[in-house]
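Colleague: here you go, sequence then predicted model.
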Protein chains: 2
Amino acid sequence: MSPEKRMKELELSEPKHTILKIGGSVITDKKGELAARTQVIDRLAGEIQRANAKNLIVVHGGGSFGHPTAQEYAIKDGLKNPNQIIGFAQTHHLMTVLNGLVMDSLIIHNVPAVSVTASSCVTTEKGRINHFEDAALKMLLKIGAMPVLYGDAVLDSKLGFTIVSGDQLVSTLATRFNTERIIMGVDVDGLSDADPKNENARIFAHLTLSEAKRLQGRIIKPTNNDVTGGMFGKIAELLPAVEQGIPVLIANAAKPNLVYRVLKGEKVEGTLIEKE
Amino acid sequence: MSPEKRMKELELSEPKHTILKIGGSVITDKKGELAARTQVIDRLAGEIQRANAKNLIVVHGGGSFGHPTAQEYAIKDGLKNPNQIIGFAQTHHLMTVLNGLVMDSLIIHNVPAVSVTASSCVTTEKGRINHFEDAALKMLLKIGAMPVLYGDAVLDSKLGFTIVSGDQLVSTLATRFNTERIIMGVDVDGLSDADPKNENARIFAHLTLSEAKRLQGRIIKPTNNDVTGGMFGKIAELLPAVEQGIPVLIANAAKPNLVYRVLKGEKVEGTLIEKE
């Protein structure tokens, strides 16, 4: 079949997408510096390959790669003096290094994964995505490739530059593309009413939108070096997607086989947030 | 100064840019597979840092990283069967690996270099760039960062995918941005009337547009695995820029200090192509 014919055929289908976020704290050790958990990355790549999910978009966070440099140079706050420019360049570069490890692993597992660089196709206004050039991304999905995005240092029309979190990318993608569900792979078992690292914390199996909003008010904004807001930022980013009727599952991607199982459509432990 | 104020100030200046292309055959050994010349990359990064050139855009080629896989899967010809998708993913990934080595070296030399991924912001129609989302690129230049692009596997509206050469990127950038000059860093001393690897080949120090066109007709299209057309493709890509009055210098970037000298504005050996 000629490429032209094939592209016309592909034009006709408009499937629903799954967005899988893999948290920076899953694939890196946030206590270290540039401490990638390469065995976890490899395991997750294997799970993605075995699940053989179609119409999947993957987004990953920055963990110990992006955050420390972004914080050192206050990239999120914008361009205040020229000395920050090298910090902007470094933050983006370190994110490409982490992404490179993820892509290496996916390609080795024969997954047709193609990285999409947010800083090349996304710009923000005061930290919020106001321009997302998604022509390439759409075509990747159409030909059957798996786009992989990641939180990144991006250009901002008012601030000069800032940080766009993986979570903001997930939310933007979900509301632009025909999205069936969002899977947030984190390093805890779900949303809970106490510190999730605390053994007695109760994990919510299901939350409605209004329950999630009430819970959000009780979670304290993190003051550590997570420049993208941790679990608080995650909920704030994702509620608009839930509002549009897209279910969000927050589940523990650090647990072997969980990502595989959820991609296969199995019911797994975690917090499911739905509109009602 | 607030980021908002700083951005308004930067808005006012519209400087002329220099585009530096570094050929894939300079930074890789095309006879090997994934054979990066890391010492050459490091030397060139040092030269770029020492020259401290402002308003510089760097573009590099694929050499032994992109070309063999692109050829194996016939990526340039477009999507004919689903087995090629992994080849498309691999070609892009290998280019990001080579680009990663270039960026590592520039960042280590404290150059505020930021990679711009063509496959994320460029799409083509039948192999020619018809859409170049350059908002991020423009803002990078504005804040004083140095964009680095590279030949890449890209999405194509008619073919599904194809290859965009570093040379086509150079030509597109030159005609879109306010460009002062193009420096084509290759692994020979310039354009010649015979095989440039032949000791008796005479290098043209200066060519007018019409002389270059006549010469082009005498260069035989390569049949080896350079999927982007080698020196023949280079001239064909660049003549439109020359036609717009942008001078193009073809010079030997494999020679130590040549890139440094040319960025400093010194006259160096090589072929200068000018409109008249």
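Modeller: Happy to help now that I have it. Numbering: from 1, shown residues only, chains lettered A, B, ... in the order given.
Colleague: spell out which residues of the stretch 101-250 of chain A are next to chain B.
Modeller: A:103-104, A:107, A:110-117, A:119-123, A:131, A:133, A:135-137, A:139-140, A:143-145, A:154-161 (CB under 8 Å from any CB of the partner chain). Heads up, the C-betas are built off the backbone N, CA and C, glycines and all.
Colleague: for PyMOL, what selects the buried ones among the residues you listed?
Modeller: PyMOL command restricting these to the buried ones, with burial defined by 16 or more other CB atoms under 10 Å in any protein chain shown:
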select buried, chain A and resi 103+104+107+111+112+113+114+115+116+117+119+120+121+122+123+133+135+136+137+139+140+143+145+154+155+156+158+159+160+161
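Colleague: show only the entries of the residues of the stretch 101-250 of chain A next to chain B found in strands.
Modeller: Residues of those located in strands (DSSP state E): A:113-115, A:122-123, A:131, A:154-156, A:160-161.
Colleague: buried stuff in whichever strand or helix holds residue A:170?
Modeller: Per DSSP states H and E, residue A:170 falls inside helix A:166-176. Of the residues in helix A:166-176, A:166-174 count as buried by neighbour count, 16+ other CB under 10 Å.
Colleague: report the angle between the axes of the helix or strand just after that helix and helix A:166-176?
Modeller: Beyond helix A:166-176 in the direction of the C-terminus, DSSP H and E gives the next helix or strand as strand A:179-186. Counting by axes from the mean of the first three to the mean of the last three CA atoms, to 10 degrees, strand A:179-186 lies at 170 degrees to helix A:166-176.
Colleague: and the next helix or strand past strand A:179-186?
Modeller: Downstream of strand A:179-186 (by DSSP H and E), the next one is strand A:206-208.
Colleague: chain neighbours aside, what residue packs nearest to the residue of the stretch 151-276 of chain A found nearest chain B?
Modeller: Residue nearest to chain B within the stretch 151-276 of chain A: residue A:155 (3.8 Å; CB to the nearest CB). Spatial nearest neighbour of residue A:155, chain neighbours left out: residue B:139 (3.8 Å); criterion: CB to CB, 6 or more residues apart in numbering or on different chains.
Colleague: do I have it right that the one you found meets residue A:123?
Modeller: Yes: using CB atoms under 8 Å, residue B:139 is in contact with residue A:123, at 6.7 Å.
Colleague: average pLDDT for the helix holding residue A:170?
Modeller: Across helix A:166-176, pLDDT averages out at 95.
Colleague: stretch A:31-49 and chain B, are they touching?
Modeller: No: judged by CB under 8 Å from any CB, stretch A:31-49 stays clear of chain B, getting no closer than 11.3 Å.
Colleague: er, stretch A:50-66 actually
Modeller: No: judged by CB under 8 Å from any CB, stretch A:50-66 stays clear of chain B, getting no closer than 11.7 Å.
Colleague: kindly export that stretch (C-alpha atoms) in PDB.
Modeller: C-alpha atoms of stretch A:50-66 as PDB (Å, rounded to 0.1, in the frame of the first residue of the first chain):
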ATOM      1  CA  ARG A  50       3.700  -6.900  27.500                       C
ATOM      2  CA  ALA A  51       0.500  -5.000  28.000                       C
ATOM      3  CA  ASN A  52       0.700  -4.000  24.300                       C
ATOM      4  CA  ALA A  53      -1.700  -1.100  24.900                       C
ATOM      5  CA  LYS A  54      -2.800   0.800  21.800                       C
ATOM      6  CA  ASN A  55      -3.400   4.600  21.800                       C
ATOM      7  CA  LEU A  56      -1.200   5.100  24.800                       C
ATOM      8  CA  ILE A  57       0.500   8.400  25.700                       C
ATOM      9  CA  VAL A  58       3.100   8.200  28.400                       C
ATOM     10  CA  VAL A  59       4.200  11.200  30.500                       C
ATOM     11  CA  HIS A  60       7.000  11.100  33.100                       C
ATOM     12  CA  GLY A  61       8.200  13.400  35.900                       C
ATOM     13  CA  GLY A  62      11.600  14.800  36.700                       C
ATOM     14  CA  GLY A  63      12.400  13.500  40.100                       C
ATOM     15  CA  SER A  64      16.000  13.900  41.100                       C
ATOM     16  CA  PHE A  65      17.000  15.000  37.600                       C
ATOM     17  CA  GLY A  66      14.900  18.100  37.000                       C
END
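Colleague: tell me the buried residues in that stretch?
Modeller: Going by 16+ other CB under 10 Å, stretch A:50-66 has these buried residues: A:51, A:53, A:55-66.
Colleague: list the buried ones in stretch A:199-214?
Modeller: Buried-residue list, stretch A:199-214, by 16+ other CB under 10 Å: A:203-204, A:207, A:209, A:212.
Colleague: contacts for that stretch next, please.
Modeller: A:189-196, A:215, A:235, A:239, A:242-243, A:269-276 (CB atoms under 8 Å, 6 or more residues apart in numbering or on different chains).
Colleague: repeat the analysis, applying 7 Å as the threshold.
Modeller: Applying CB atoms under 7 Å, 6 or more residues apart in numbering or on different chains, the external contacts of stretch A:199-214 come out as A:189-195, A:215, A:235, A:239, A:242-243, A:271-276.
Colleague: now, of these, which are buried?
Modeller: By 16+ other CB under 10 Å, these give A:189-192, A:215, A:235, A:239, A:242, A:271-274 as buried.
Colleague: check contacts around residue A:57.
Modeller: With contact taken as CB under 7 Å, 6+ apart, residue A:57 is in contact with A:17, A:19, A:147, A:173.
Colleague: by proximity to chain B, which residue of the stretch 51-200 of chain A wins?
Modeller: Chain B sits closest to residue A:78 of the stretch 51-200 of chain A, with a gap of 3.3 Å, by CB to the nearest CB.
Colleague: measure that residue to residue B:110 for me?
Modeller: Look at residue A:78 and residue B:110: by CB to CB, to the nearest Å, they are 21 Å apart.
Colleague: just residue A:247 next, same as before
Modeller: As judged by CB to CB, residue A:247 and residue B:110 stand 47 Å apart.
Colleague: just to check, residue A:181 is in contact with residue A:245?
Modeller: No: assessed by CB atoms under 7 Å, residue A:181 is found out of contact with residue A:245, at 10.5 Å.
Colleague: in stretch A:69-76, what's buried?
Modeller: Those would be A:69-71, A:73, A:75-76, for stretch A:69-76 by 16+ other CB under 10 Å.
Colleague: would you format those residues as CSV with secondary structure and distance to chain B included?
Modeller: Listed next are the buried residues of stretch A:69-76 as CSV, based on DSSP: H, G, I helix; E, B strand; the rest coil; distance: CB to the nearest CB, whole Å:
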residue, secondary structure, distance to chain B
A:69, helix, 10
A:70, helix, 14
A:71, helix, 17
A:73, coil, 11
A:75, helix, 11
A:76, helix, 11
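Colleague: could I get the residues you listed as TSV with pLDDT?
Modeller: Listed next are the buried residues of stretch A:69-76 as TSV, based on pLDDT from 0 to 100:
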residue	pLDDT
A:69	94
A:70	95
A:71	95
A:73	97
A:75	97
A:76	97
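Colleague: and the two most separated of the residues you listed?
Modeller: A:69 and A:76 (11.5 Å; CB to CB).
Colleague: quick check: bridge partners of the residue nearest to residue A:99 when sequence neighbours are not counted?
Modeller: Using CB to CB, 6+ apart and skipping the chain neighbours, the partner closest in space to residue A:99 is residue A:150 (5.0 Å). Note on residue A:150: beta-bridge partners residue A:60, judged by DSSP bridges.
Colleague: which residues sit in contact with residue A:150?
Modeller: A:59-60, A:62, A:95, A:99, A:118, A:166 are the contacts of residue A:150 under CB under 7 Å, 6+ apart.
Colleague: on that earlier part again, neighbour count for residue A:181 and residue A:245, which is higher?
Modeller: Between residue A:181 and residue A:245, residue A:181 has the larger neighbour count (other CB atoms under 10 Å in any protein chain shown), namely 18 against 11.
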